[in-house]
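Novice: Sequence first, predicted model second:
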Amino acid sequence: MSRVGLIGLMVLFTASLVAQIAKPVRFTEEIFDFGNIIEEDGPVTHAFSLTNSSDKPVMILSVKPSCGCTTPEWSKEPILPGKTGMVKAQYDPKGRPGYFHKSLTVTTDYDGQPITLYIKGQVVSRNVSSTSSEYQAVSGMLRFRSLSVNLGKVFRKDEFTQRNVDFVNAGDKTITYLDKFDAPAHIRVEVVPKTIQPGQRGEIRMGYNGLKKGLYGFHQDKITLYTDDETQPAKSFTVYATLEDYFVPLSAKELANAPQLYITELNVDVGNIRFKQSAVKEIVFTNVGKSVLEIRNIQGNCSCLEAVVDKENLKPGESGTIKITFTPEDRKGTQTKAVTVYSNDPQNPVQRIMVAGYAE
């Protein structure tokens, strides 16, 4: 390739990358917390506002909730430049006590790249005592807000991300933590106080070391604490975390010389897939930065999805291929999955490729 052609290609990639990072079509918020909602009061609704800062009308093509408990509505007319549209999320708490965290995947005709919105909150009932309402997860004589702990994003650093879990002794006897727990090496646990009187509240102080976990992406672990609670001595919890690399703040000069990952397609439609067959798609990715790009991990969010790269280290200007194999197995109908790519691009270290198809 000639020098002029190479420069033209790099300019094209850089312009595409800027468009990829910038968000001319964006929501003013992507997460909304309802707080405590009363189950008997019925569904609750929140409206997310979408601003079109581009130079062309934009339409919302679809909004797909992660659960049947969430009903979406959205602006059906084109959103003109400089104007706003909306996506409403209605959550039905009936029969769903405790914590919830749901998502809605929004697709527009601007670039087809999905935007994920989240709603969360705590469903309580007015028909029980205040303690029971606040702490609805029961483990023997102890009550917790939930028996699962979501740490959210945890960086792969040699330090412990801290999360405290409070609880109450709802029984009529003193309960003592026996200073014994089962947990993987990257999780540490402390209970304060170790002896909890009837009606007293306590706290589990949990630490999670992302570097010791040694993985990328979404993972779960089980931990068990042991007490002298006669009704249920062992208290088990599920701990969730999403692991990503940590990057120290860089100067403008350092950022200008950093690697940059550009993926040519972030939305892939593999079409119809016959029973017990697979669909294969290859996507080109390029290092449009000025230092070596490392692909540190790539993973699908389903056992039905395999993703591999032909190169893990790319020099500036060099390209590689991501090969995605989608095997629906026993799944039927429309399928939407994701492949996540982790790299040493400090500005965009985590990128997702959405994979859609129809399993016959």
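Specialist: Yep, it's here.
Novice: what residue ranges in this structure are flagged as low confidence?
Specialist: Scanning the chain for pLDDT under 70 picks out 1-22, 95, 97-98, 125-133.
Novice: and it, what are its domains?
Specialist: 25-124, 138-244, 257-359 (automatic domain parsing).
Novice: and the end-to-end length of the second one?
Specialist: Right, the one you point to is domain 138-244. 33 Å (C-alpha to C-alpha, to the nearest Å).
Novice: same check, this time on stretch 310-327
Specialist: 20 Å.
Novice: How far does that stretch sit from its chain's centre?
Specialist: Centroid separation between stretch 310-327 and its chain, computed with C-alpha atoms, centre = their mean, to the nearest Å, is 24 Å.
Novice: Quick check: buried residues in that stretch?
Specialist: Within stretch 310-327, the residues scored as buried using 16 or more other C-beta atoms under 10 Å are 314, 316, 319-320, 322, 324, 326-327. Any C-beta I mention is one placed from the backbone N, CA and C, and that applies to glycine too.
Novice: how about the residues you listed, which pair is most distant?
Specialist: Farthest pair in the buried residues of stretch 310-327 (C-beta to C-beta) is Pro316 and Thr327. Separation: 35.2 Å.
Novice: For the domains of the chain, give me CSV that also has distance to Leu250.
Specialist: Below are the domains of the chain laid out as CSV (distance: least, C-beta to C-beta, whole Å):
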stretch, distance to Leu250
domain 25-124, 24
domain 138-244, 16
domain 257-359, 6
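Novice: before we move on, back to that, tabulate the buried residues of stretch 310-327 (JSON lines), appending distance to Thr334.
Specialist: Converted to JSON lines, those look like this (distance: C-beta to C-beta, whole Å):
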{"residue": "Leu314", "distance to Thr334": "34"}
{"residue": "Pro316", "distance to Thr334": "39"}
{"residue": "Ser319", "distance to Thr334": "31"}
{"residue": "Gly320", "distance to Thr334": "30"}
{"residue": "Ile322", "distance to Thr334": "23"}
{"residue": "Ile324", "distance to Thr334": "17"}
{"residue": "Phe326", "distance to Thr334": "13"}
{"residue": "Thr327", "distance to Thr334": "16"}
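Novice: Return the subset of those lying in helices.
Specialist: Per DSSP state H, helices hold no members of the buried residues of stretch 310-327.
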